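**Student:** Need the 3D shape of this:
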Amino acid sequence: MDHIKIECPVCEWEPDGGPHWNCTCGHAWNTFDTGGISPNCKERWKDTQCPACSQWSPHIDWYKGLDEAIKQQIREALEKEVYVLR
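**Tutor:** Numbering: from 1, shown residues only. Modelled structure (predicted):
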């Protein structure tokens, strides 16, 4: 891996670090700070909506420059069930 870049896979918009994503619990945050997991309720978002073009894409597809083997391992991990203790 030489360089990892985060951008929308549809329109190539690049996140600026702002809290552009809202969870169903009402929390707003930068989803890339937490890998798509709400820091408030711990809900995991497999897909991420672009604030610029409004299209939904798998969260992992926003990361450009990841080795394909690592990307596949992450996809498989994201498919596993997660239990949140509250």
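**Student:** Going along the chain, name the strands of this protein.
**Tutor:** When secondary structure is read from DSSP state E, the chain shows strands at 5-6, 21-22, 28-29, 47-49, 56-58, 63-64.
**Student:** which residue ranges form the helices in this structure?
**Tutor:** 68-79 (DSSP state H).
**Student:** circling back to that earlier point, mean neighbour count and distance to residue 70 for the strands of the chain - can I get that in CSV?
**Tutor:** Every residue, glycine included, has its C-beta placed from N, CA and C. Rendered in CSV, the data for those read as follows (neighbours: other CB atoms under 10 Å; distance: least, CB to CB, whole Å):
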stretch, mean neighbour count, distance to residue 70
strand 5-6, 12, 15
strand 21-22, 16, 23
strand 28-29, 15, 24
strand 47-49, 17, 18
strand 56-58, 14, 15
strand 63-64, 15, 9
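**Student:** need the ones you listed in TSV with distance to residue 36 and mean pLDDT, can you?
**Tutor:** What follows is the strands of the chain, written out as TSV (distance: least, CB to CB, whole Å; pLDDT from 0 to 100):
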stretch	distance to residue 36	mean pLDDT
strand 5-6	12	92
strand 21-22	9	96
strand 28-29	10	97
strand 47-49	6	96
strand 56-58	9	95
strand 63-64	11	90
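**Student:** Save those strands as CSV, and put in distance to residue 14 too.
**Tutor:** As requested, the strands of the chain are exported to CSV (distance: least, CB to CB, whole Å):
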stretch, distance to residue 14
strand 5-6, 7
strand 21-22, 14
strand 28-29, 17
strand 47-49, 13
strand 56-58, 14
strand 63-64, 10
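**Student:** Out of the ones you listed, the one nearest residue 15 is which?
**Tutor:** With CB to CB as the criterion, residue 15 lies closest to strand 5-6 of the strands of the chain, at 5.7 Å.
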